[in-house]
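>>> Could you work out the structure for the sequence below:
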Amino acid sequence: MYFKNPEILYFLLLLIVPILVHLFQLRRFKKEYFTNVRFLKELSIQTRKSSKIKKWLLLATRLLLMTCIIIAFAQPTFKAIEKENSTNEMYIILDNSFSMQAKGKKGELLKRAVQELLEETPENLHFSLLTNSENYWNSDIKSIRNSLQNLKYSAIPFQLDNIMAQLKARKSAFKKDVVIITDAIGLNQKQLKSSDAINSLKFIIPKAEQKNNVSIDSVFIKGASDDFYEISIELKAYGENINAIPIALYNQNKLVAKTTVNFETKKKTILFTIPKQIFHGYVSIVDNGLAYDNTYYFSISKTEKINVISIGEAEKSNFLSRIYTNNEFVYNNFTIGSLDYNKLQDQDAIVLNELDEIPQALQTTLKSFVEKGGSLIVIPSAVSTSANMNAFLMNFGNVKFNSLENKEKLITKINFSHPLFNSVFENKINNFQYPKTKNSFVLSTSSPAALSYEDQSIFLTAIQNPVSSVYVFSAPINTTNSNFQQSPLIVPTFYKMAVNNQNNSINALTIGNNNPHLTAASLNKDDILTVKGAEEQFIPVQQILNNKIKMNFNDYPEQAGNFEIYNKKEWVENISFNYNRTESNLAAANENLLSNYKIIDSTSTFFDTLQTNKTDNQIWKWFVIFALLFLLTEMAIIRFVK
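The predicted structure is shown next:
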């Protein structure tokens, strides 16, 4: 405890005055004569004793009264527990990701957190509020009241390290107090390490009552006939005892199909058959969990034939004509001598089939082709040297040919998570008819293998670029060297390599993934493509690549839905956007990670504790109250004590 006005305590010396007055009373006793003193003697003694007690009581109360008054003016104060942190800057981090749609005891977690901030935050408190999508620097609750009330869920998942980076970028001479309001879904140790430099970090963890949730994970075309598409819809269930839910398919807001899904397993695939035509709609479900992942928007463009050229001997390329058939592809084969280089830039995929040498002019043309979104498939020749192949592949990335091995090897492993085989196989295949090669190069690369040998060496890999891919085989696949052409893997492998970057399948992009999108369009120099939806429109970053336009959407649009691409007023293509499904698992919250941090029950508790710990406790008011009590006590003694 300390006194704000310690000099006032010198007035305590004045307490000697009432003591002197009481000890040395100047008043003399006056004698009164009575006729019979004998009857008053006993009464006189009793009166003198009670008068002496009364005087001592009055002395004590007056001394205490003056003491309390003097101490009150000196203003005694208990020092705050966190006095040294009283000048800290306040930062509130509010998670407004989609997992905060979950319902707690008092409603949706985000809405309840906002309501508590509006009700409990002191009006005179200055702070900064950071969310996944919005930042309000150096503000107060009155200034951001409307913004908080209208705060929307963000398509950007909660990334504590990213928000902390923004916070640390705000240079200040003061320390920082940070309170984080999050359900802890998606939180990991790496993100928490970014907070080590913060002086005071506290968490408020709102908890969901209902952990069950069903999400639409993906939609793709499983198969196609002349007149119909077979649409595969992947659902994921999180939690226990999931009830049957309805699922419906809409095209242009018109109901196309509807059924009910029962969850015997955590993953469920639903198939719908729709006419083979332009589709611009969505699939939706109804469950009691999160709402954001109940709708999946997708578009199917008009089917365009894919242009494929193979360069090599016709005899070795015959198998490609059986894969790239006329109903989906425009396929041609040329030898090096008959090749027209001007046709290469109009292709969607080019196959280099066992070329002994690749001319420099062709290398330059193929480099430009890949940069502009084309797929390149490289099948080496046993005659070509490692040096020649490495010089060519340096144009695209880190793949290196080493020595040629004259050893028969079986191709035994499929990388099902590789982009090439995404959505190709319904189940993982561990036992199939293994193809083999007799001679093969040893490949060195940092890229993952799509197909591997039994000794874990690479048979097929891919150099992934933002708009294209370069697929590299480690061995010739002619019938003399390999039986890969007779393998069931040959068709899905080459088919996917040709259509991998084409828009002949589902158009469904994920907001925030920043994957570029290629649109077939021819623009003049000053033309700009615009993306328009029902509630918002924007102009993406775009680049002209021959007869295609590469677009990057960054964090746009803000809301999922069906959109159209326009060149001025001319419609170009339909496109759809969806939210990332990383927030769908409500059981993914890991509060154990926060064992080393202070967790607070509620917002009101946080602000009450903050006020208590950082504010000096002034107790002078109590001494004023005591002084009044002693004054009343003195008056009572004078009035009632005889």
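>>> Quick check: mean pLDDT of stretch 469-484?
Averaged across stretch 469-484, pLDDT comes to 92.
>>> So for it, what gets flagged as buried?
469-478, 481-484 (16 or more other C-beta atoms under 10 Å). Backbone N, C-alpha and C define where each C-beta goes, glycine included.
>>> Which secondary structure state is assigned to Ile247?
strand (DSSP: H, G, I helix; E, B strand; the rest coil).
>>> Neighbours of it, how many?
Each residue near Ile247 was counted by other C-beta atoms under 10 Å, and the total is 21.
>>> Could you measure from it over to Tyr238?
Distance, Ile247 to Tyr238, using C-beta to C-beta, to the nearest Å: 17 Å.
>>> which SS class is Phe298?
Classification of Phe298 using three-state DSSP returns strand.
>>> need the helices for the stretch 251-400 of the chain, in chain order.
318-323, 360-371, 386-393 (DSSP state H, counting those that start in this stretch).
>>> Can you report how many residues lie near Asp177?
20.
>>> change the start of the numbering to 547 and stick with it
Done: numbering now begins at 547, and the last item shifts to Asp723.
>>> Can you tell me the element it falls in?
Assigned by DSSP states H and E, Asp723 belongs to strand 722-727.
>>> what's that strand packed up against?
With contacts taken as 3 or more C-beta pairs under 8 Å, 6 or more residues apart in numbering; DSSP states H and E, strand 722-727 sits against strand 635-640, helix 706-715, strand 746-750, helix 1149-1160.
>>> so what strands line up beside it?
strand 635-640 (parallel), strand 746-750 (parallel) (DSSP bridges).
>>> Show me which parts of whichever helix or strand comes after it are buried, residue by residue.
Next helix or strand after strand 722-727 toward the C-terminus (DSSP H and E): helix 735-739. In terms of neighbour count (16+ other C-beta under 10 Å), helix 735-739 has its buried residues at Gln737, Leu738.
>>> residue ranges for the strands of the stretch 797-946 of the chain, please.
800-807, 813-821, 825-831, 841-846, 852-857, 875-880, 895-899, 921-925, 945-960 (DSSP state E, counting those that start in this stretch).
>>> how about the helices of the stretch 797-946 of the chain in TSV, adding distance to Gly1058, mean neighbour count and mean pLDDT?
TSV is the format used below for the helices of the stretch 797-946 of the chain (distance: least, C-beta to C-beta, whole Å; neighbours: other C-beta atoms under 10 Å; pLDDT from 0 to 100):
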stretch	distance to Gly1058	mean neighbour count	mean pLDDT
helix 864-869	35	17	92
helix 906-917	25	16	90
helix 932-939	32	16	89
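>>> okay, those helices in JSON lines with distance to Lys889 next?
JSON lines is the format used below for the helices of the stretch 797-946 of the chain (distance: least, C-beta to C-beta, whole Å):
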{"stretch": "helix 864-869", "distance to Lys889": "16"}
{"stretch": "helix 906-917", "distance to Lys889": "10"}
{"stretch": "helix 932-939", "distance to Lys889": "20"}
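>>> do you know which of these lies nearest Phe1084?
helix 906-917 (25.7 Å; C-beta to C-beta).
>>> What helices and strands are in contact with that closest one?
strand 895-899, strand 921-925.
>>> how about those strands in CSV, adding mean pLDDT and mean neighbour count?
Supplementary listing: the helices and strands packed on helix 906-917 in CSV, determined by pLDDT from 0 to 100; neighbours: other C-beta atoms under 10 Å:
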stretch, mean pLDDT, mean neighbour count
strand 895-899, 93, 24
strand 921-925, 93, 23
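>>> Those strands: which one's closest to Phe809?
strand 921-925 (37.7 Å).
>>> what domains does the record give for this protein?
With domains defined by automatic domain parsing, the chain comprises 548-625+1164-1186, 629-751+1135-1161, 852-1045, 1054-1119.
>>> Now tabulate the ones you listed in TSV and tack on distance to Lys813.
Compiled in TSV, those are given as follows (distance: least, C-beta to C-beta, whole Å):
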stretch	distance to Lys813
domain 548-625+1164-1186	60
domain 629-751+1135-1161	20
domain 852-1045	11
domain 1054-1119	19
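>>> Which stretch among the ones you listed approaches His826 most closely?
Nearest of these (C-beta to C-beta): domain 1054-1119, 5.5 Å.
>>> pLDDT on that closest one, on average?
87.
>>> Any idea what Ser778 is bridged to?
Phe766, Leu817.
>>> Next: Lys982.
As for beta bridges, Lys982 partners with Leu956 under DSSP bridges.
>>> go on, Met1097?
The partner residues for Met1097, given DSSP bridges, come to His1063, Gln1088.
>>> mind checking how far it is from Tyr843?
17 Å.
>>> Which residue of those two possesses the greater neighbour count?
When Met1097 and Tyr843 are compared on other C-beta under 10 Å, the one with more neighbours turns out to be Tyr843, at 25 against 19.
>>> correct me, but the more buried one touches Asn1124?
Yes. Between Tyr843 and Asn1124 a contact is recorded at 5.7 Å, counting by C-beta atoms under 8 Å.
>>> quick one: stretch 830-847 to chain centroid distance?
19 Å (C-alpha atoms, centre = their mean, to the nearest Å).
>>> Endpoints of it, how far apart?
One end of stretch 830-847 sits 20 Å from the other (C-alpha to C-alpha, to the nearest Å).
>>> Now do the buried residues in it.
Buried-residue list, stretch 830-847, by 16+ other C-beta under 10 Å: 830-831, 833, 835-836, 838-847.
>>> Averaged pLDDT, it. What do you get?
On average, stretch 830-847 scores 92.
>>> To Leu697, which of the helices of the stretch 797-946 of the chain lies closest?
Short answer: helix 906-917, nearest of those by C-beta to C-beta, at 42.0 Å.
>>> one step back: let's have the helices and strands packed on helix 906-917 in a markdown table, adding distance to Leu989.
Listed next are the helices and strands packed on helix 906-917 as a markdown table, based on distance: least, C-beta to C-beta, whole Å:
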| stretch | distance to Leu989 |
| --- | --- |
| strand 895-899 | 16 |
| strand 921-925 | 11 |
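>>> The helix or strand encompassing Ile1095 - contacts with which helices or strands?
Assigned by DSSP H and E, Ile1095 belongs to strand 1094-1098. Secondary-structure packing of strand 1094-1098 (3+ C-beta pairs under 8 Å, 6+ apart): strand 1063-1066, strand 1075-1078, strand 1087-1091.
>>> Run the chain-centre distance for the last one.
Just to be clear, that refers to strand 1087-1091. With C-alpha atoms, centre = their mean, you get 28 Å for strand 1087-1091.
>>> how about that strand as PDB, C-alpha atoms only?
Extracted in PDB, the C-alpha atoms of strand 1087-1091 (Å, rounded to 0.1, in the frame of the first residue of the first chain):
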ATOM      1  CA  VAL A1087      -5.800 -10.700 -62.500                       C
ATOM      2  CA  GLN A1088      -5.500 -12.000 -66.100                       C
ATOM      3  CA  GLN A1089      -2.900 -12.800 -68.700                       C
ATOM      4  CA  ILE A1090      -3.300 -13.600 -72.400                       C
ATOM      5  CA  LEU A1091      -1.800 -17.000 -73.400                       C
END
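>>> what residues does it touch?
Applying C-beta atoms under 8 Å, 6 or more residues apart in numbering, the external contacts of strand 1087-1091 come out as 917-919, 1013, 1064, 1069, 1074-1075, 1095-1100.
>>> If we use 6 Å, what do you get?
Lys918, Gly919, Leu1075, Ile1095, Lys1096, Met1097, Asn1098 (C-beta atoms under 6 Å, 6 or more residues apart in numbering).
>>> The fifth one reaches Val1013, doesn't it?
Yes. Here Lys1096 reaches Val1013: they are 5.5 Å apart, a contact under C-beta atoms under 6 Å.
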